[in-house]
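Chemist: Sharing a model that was predicted from the sequence below.
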Amino acid sequence: MASDDTRSHRSRYVWESSATRYIRRPCVAYRQHCLQMRTYFISYDGLRYLLEEYEDQGLRILNFPCNQFGGQMPESDGQEMLDHLRREGANIGHLFAKIDVKGAQADPLYKLLTRHQHDIEWNFVKFLVDRKGNIHKRYGAELEPVALTDDIELLLGR
């Protein structure tokens, strides 16, 4: 029998990932929502705009903190991380526990997200996932969140 890690890595849909929210909510709880997944935070104003504009239509922003890129997220999970994010004005969307997004210890969700592409090159890489859990598109770290507007509207049927 395959391990949970192997099944998640081979799974076709994001919803089947074992990643859990900070409050232990699995990704499957976001089924029927269009998602933007990020490895950390880039433009807080841009993310706030996307939420204000599209959250009522189903957009959810999922945040997966990671400390694999220049030690940008050294805080431990829990109150220390939450306090850091609040100080930075970065508590936008749904926060998950800190994970690895590349390498042998990468979370199964990120193994799925990068299965047919190269590894995550830096914090701020974004993924847009449709309501069925299919990966629609990957966006580089340098791209501002508002640049996803057309793709978000396409997936939301706007």
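Modeler: Structure received.

Chemist: Tell me both backbone torsions, phi and psi, for residue 65.
Modeler: Backbone torsions of residue 65, given as degrees, to the nearest 10, read phi -60, psi 150.

Chemist: In this structure it contacts residue 100, no?
Modeler: No - between residue 65 and residue 100 there is no contact under Cβ atoms under 8 Å: 10.7 Å. Where you see a C-beta, it was placed from the backbone N, CA and C, and this is true even at glycine.

Chemist: Looking at those two, which is more packed in?
Modeler: The neighbour comparison of residue 65 against residue 100 (other Cβ atoms under 10 Å) goes to residue 65, with 24 against 15.

Chemist: isn't residue 144 right up against residue 44?
Modeler: No - using Cβ under 8 Å, residue 144 is not in contact with residue 44; the gap is 11.0 Å.

Chemist: Need the pLDDT of the closest residue to residue 120 other than its chain neighbours.
Modeler: Distances taken as Cβ to Cβ, 6 or more residues apart in numbering place residue 101 nearest to residue 120, at 4.6 Å, with adjacent residues excluded. Residue 101 is assigned 80 on the pLDDT scale.

Chemist: hang on, residue 101 packs against residue 127?
Modeler: No - taking contacts as Cβ under 8 Å, residue 101 lies outside contact range of residue 127: 10.7 Å.

Chemist: which stretches of the chain form helices?
Modeler: 4-10, 44-54, 79-88, 108-113, 149-156 (DSSP state H).

Chemist: Could you dump those helices into TSV and include distance to residue 135?
Modeler: Formatted as TSV, the helices of the chain follow (distance: least, Cβ to Cβ, whole Å):
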stretch	distance to residue 135
helix 4-10	14
helix 44-54	18
helix 79-88	26
helix 108-113	6
helix 149-156	11
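
Chemist: Give me the pLDDT value at residue 50.
Modeler: At residue 50, the model reports a pLDDT of 90.
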